[in-house]
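Visitor: Give the three-dimensional model of this entry:
(one chain, ligands or ions: 2)
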Amino acid sequence: TPPLLELSDLRVTLPVRGQRQPVLHGVDLSLAAGTSVGLVGESGSGKSMTARAVLGLLPDGARRDGEIRFDGVPLTGSDAAALRRLRTHDAAMVFQDPRAHINPVRTIGDFLTEALVHTRGTGRRDAETKVTALLADVGVPDAARRLRQRPAELSGGLLQRVMIAAALAVEPRLLLADEPTTALDVTTQAEVMAVIDEARAARGLAMLFITHDLALAAAVCDRIAVMYAGTIVEELPADRLHDDARHPYTRALLASRPDPGDEDGVLRAITGRPLSAFEAGEGCAFAPRCPQAEDVCRIRRPPLRAAADGLAACHLVTAADVGGAAPDADRS
Ligand code: SF4
Ligand code: MG
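Guide: Ligands and ions are numbered 1, 2, ... in the order given. Okay, here's the model as predicted:
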């Protein structure tokens, strides 16, 4: 069976001061049904843009190339019907800032009812029962009261649960979660993360979980994909991260700890600032910050190649590194 979601050489450019500038540089990623991938990287690395490209939610003027396949079927940027079907039946997104994605004037009940009516075609009378059940699923008690309230009357954590309920209303097969807990306080973060995790497991959903927090991604996801300057630089099983990660950027992320109060996700333990995809030239985009950079790194972009149980894009990661299983000298 094909992967549920497959991105092949996904490229996105934006018009900036009259020129097309790349924001995604050829993203290759595959997500099997019912599994989760943590898409990890610093602010501006292209994580959100990747998720938006999947849902056809790119900014005005953006141009997309490469291929996105859902359940084996290519989604072209111009196929409005296929994108609408994806957004109303197959995939749903939870954003970092729920208040930017909900009408402040309408009640929570109206919001969730609309989500059901518009996506699943649920009748309005059935919708009320379903909405109450959805709120119970995301751990919101006293649904009757909440449904009459407006977004401003709910805490950030409660509102994010409502947004998760709205995403679940789609009965998606794929959940895209873009820093869903970053704006919340630490205790609420853990609660909301648990809600997402349980809902996902109970429904067998695939999830693309976007975060700048590598440790969180490793705790929640089956696989980890590390992004840098608009491309994936390493991909591997989450439980192999500490032992098998080979890319110097992933190793640097593992060695650093994000500043807990740091919402922009810049990893201060790695010297230098990340290059944006705009600035990435011919060579490896990590070269200016890489302690192991060699001459070749500044000339040629390393391709994403098989390494251990995953993939890595680094000139120093060779076949001999694969799985730590170099040709066995003792065999003879
Ligand atoms: Fe560092 Fe070179 Fe590998 Fe890039 S290709 S991560 S610069 S060693
Ligand atoms: Mg983002």
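Visitor: Around ligand 1, pick out the residues from the chain.
Guide: By Cβ under 6 Å from any ligand atom, the residues of the chain that approach ligand 1 are 247-248, 284, 286-287, 290, 292-293, 297, 302, 314-316. Using the backbone N, CA and C atoms, a C-beta is placed for each residue, glycine as well.
Visitor: how about the residues you listed in CSV, adding neighbour count and secondary structure?
Guide: Formatted as CSV, the residues of the chain next to ligand 1 follow (neighbours: other Cβ atoms under 10 Å; DSSP: H, G, I helix; E, B strand; the rest coil):
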residue, neighbour count, secondary structure
247, 27, coil
248, 24, helix
284, 29, coil
286, 25, coil
287, 22, helix
290, 20, coil
292, 12, coil
293, 17, coil
297, 21, helix
302, 21, coil
314, 24, coil
315, 19, coil
316, 17, coil
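Visitor: Just name whatever secondary elements the one helix or strand residue 224 maps to is in contact with.
Guide: Secondary structure from DSSP states H and E places residue 224 in strand 223-228. In terms of contacts (3 or more Cβ pairs under 8 Å, 6 or more residues apart in numbering; DSSP states H and E), strand 223-228 is packed against strand 36-40, helix 214-220, strand 231-237, helix 248-255.
Visitor: Please name the nearest non-neighbouring residue to residue 54.
Guide: Nearest in space to residue 54, with sequence neighbours left out and distances taken as Cβ to Cβ, 6 or more residues apart in numbering, is residue 68 at 5.9 Å.
Visitor: For the one you found, give me its contacts.
Guide: Residues in contact with residue 68, defined by Cβ atoms under 8 Å, 6 or more residues apart in numbering, are 5-8, 10, 53-54, 74-75.
Visitor: Let's see that with 6 Å instead.
Guide: When contacts are counted by Cβ atoms under 6 Å, 6 or more residues apart in numbering, residue 68 is found next to 7, 54, 75.
Visitor: Check residue 182 too.
Guide: Residue 182 touches residue 96, counting by Cβ under 6 Å, 6+ apart.
Visitor: Now do the SS call for it.
Guide: Classification of residue 182 into helix, strand or coil gives coil, according to DSSP: H, G, I helix; E, B strand; the rest coil.
Visitor: list the buried ones in stretch 53-67?
Guide: Taking 16 or more other Cβ atoms under 10 Å as the neighbour-count basis, stretch 53-67 is seen to contain the buried residues 53-56, 58, 62, 64.
Visitor: Go ahead and measure how far the helix or strand hosting residue 298 is from the middle of the chain.
Guide: Counting by DSSP H and E, the secondary-structure element that holds residue 298 is helix 295-299. Helix 295-299 has its average C-alpha position 30 Å from the chain's average C-alpha position, going by Cα atoms, centre = their mean, to the nearest Å.
Visitor: do the same with stretch 8-20
Guide: Centre to centre, stretch against its chain (Cα atoms, centre = their mean), the figure for stretch 8-20 is 20 Å.
Visitor: and that stretch, which residues are buried?
Guide: Neighbour-count burial for stretch 8-20 [16+ other Cβ under 10 Å]: 10-14.
Visitor: List phi and psi for residue 201.
Guide: The main-chain torsion angles of residue 201 are listed as degrees, to the nearest 10 and equal phi -60, psi -40.
Visitor: what's around residue 312, how many residues?
Guide: Residues lying near residue 312 (other Cβ atoms under 10 Å) number 29.
Visitor: actually residue 232, not the one I wrote
Guide: Using other Cβ under 10 Å, residue 232 has 28 neighbouring residues.
Visitor: before we move on, the earlier item: so which of the contacts of residue 68 sit within helices?
Guide: Counting by DSSP state H, the members of the contacts of residue 68 that fall within helices are residue 54.
Visitor: closest to ligand 1 among the contacts of residue 68?
Guide: Ranking those by separation from ligand 1, with Cβ to the nearest ligand atom as the measure, puts residue 7 on top at 21.5 Å.
Visitor: ok, residues contacting stretch 220-235?
Guide: Outside stretch 220-235, the residues touching it (Cβ under 6 Å, 6+ apart) are 23-27, 29, 35-41, 45-47, 209, 217, 237-238, 241, 247, 249-250, 275, 277, 280, 285-286, 310-313.
Visitor: for stretch 35-42, that is, sorry about that
Guide: The contact list for stretch 35-42, computed with Cβ under 6 Å, 6+ apart, reads 31, 47, 206-210, 214, 217, 221-227, 265-267, 274.
Visitor: In PyMOL, how would I select just the buried ones from those?
Guide: Those of these that meet the burial criterion (16+ other Cβ under 10 Å) are gathered into one PyMOL selection, given here:
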select buried, resi 31+47+206+207+208+209+210+214+217+221+222+223+224+225+226+227+265+266+267+274
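Visitor: Which residues are in contact with residue 200?
Guide: The neighbourhood of residue 200, defined by Cβ under 6 Å, 6+ apart, consists of residue 207.
Visitor: gap between it and residue 182?
Guide: Applying Cβ to Cβ, to the nearest Å, one obtains 18 Å for the distance of residue 200 from residue 182.
Visitor: can you give me the helices in the chain?
Guide: All helices of the chain, identified by DSSP H, fall at 47-55, 80-85, 108-120, 124-137, 143-148, 156-169, 186-203, 214-220, 241-244, 248-255, 295-299.
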